[in-house]
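Engineer: Model the structure of this input:
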Amino acid sequence: MANVTDVAKYILESLGEITAMKLQKLVYYSQAWNLVWEEQPLFNEEIQAWANGAVVPTLYNYHRRQFSVIPENIPRNIDNITPNQKANIDKVLEFYGSYTAQQLSDINHQESPWITARGDYPPMANCNNPIPIATIYEYHSGIWNDT
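Structural biologist: Below you'll find the model as predicted:
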């Protein structure tokens, strides 16, 4: 199974240098839509409801204190991602890739998985509550079925 850094490396090799926040959101949406389309996680690392949206702390440790990230910052092997998973990530990049990091964060802030995981935390307060995979799946599968 791929891990989050494999997915991040694939995204960076596809798009080139992007902001750390945009990378985090694209990884999140890759996980969400892979859950819907394949009914299984793309990676097992925990996603948390941080102030700027969904963040995978394991990935954050690779780009901490960096505004932008380049493929060389993530030492992983994209061969751990199956061709079908790559196709799913490509669909996510095609749809979300032109959005800015702030736009992706704003979208994420309107979605129930992030809102519910944050609970009563004020909008910009530090929070490391997990966003459960089941919640991500439920929300995004509802969107998919509505389209």
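
Engineer: From Ile78, how far out is Gly16?
Structural biologist: Counting by C-beta to C-beta, to the nearest Å, the separation of Gly16 from Ile78 is 14 Å. (C-beta placed from N, C-alpha, C; glycine too.)

Engineer: And the pLDDT at Thr82?
Structural biologist: For Thr82, the model assigns a pLDDT of 95.

Engineer: quick one: contacts for it?
Structural biologist: Contacts here follow C-beta atoms under 8 Å, 6 or more residues apart in numbering; on that basis Thr82 touches Ala2.

Engineer: before we move on, the earlier item: quick one, which of Gly16 and Ile78 is more surrounded?
Structural biologist: Taking neighbours as other C-beta atoms under 10 Å, Gly16 and Ile78 compare with Ile78 leading, 21 against 10.

Engineer: what about the helices in this structure?
Structural biologist: 4-15, 20-38, 57-63, 83-96, 101-109, 112-118, 133-146 (DSSP state H).

Engineer: Just tell me which of those ends up closest to Cys127.
Structural biologist: Closest approach to Cys127 among the helices of the chain (C-beta to C-beta): helix 112-118, 5.5 Å.

Engineer: In the worst-scoring helix or strand of the chain on mean pLDDT, which residues are buried?
Structural biologist: Sorting the helices and strands of the chain by mean pLDDT, DSSP states H and E puts helix 133-146 at the bottom, at a mean of 86. Across helix 133-146, burial judged by 16 or more other C-beta atoms under 10 Å covers 133, 135-137, 139-141.

Engineer: wait, what's in contact with the spatially most central residue of the chain?
Structural biologist: Central residue of the chain (C-alpha atoms, centre = their mean): Tyr28, 1.5 Å from the mean position. Counting by C-beta under 8 Å, 6+ apart, Tyr28 touches 47, 53-56, 108.

Engineer: buried sites along stretch 12-28?
Structural biologist: By neighbour count with 16+ other C-beta under 10 Å, stretch 12-28 contains the buried residues 12, 14, 18-28.

Engineer: now it, how far from the centre of its chain.
Structural biologist: Per C-alpha atoms, centre = their mean, to the nearest Å, the displacement of stretch 12-28 from the mean C-alpha position of its chain is 9 Å.

Engineer: I'd like the mean pLDDT over that stretch, please.
Structural biologist: The average pLDDT within stretch 12-28 is 97.

Engineer: Thanks a lot, see you next time.
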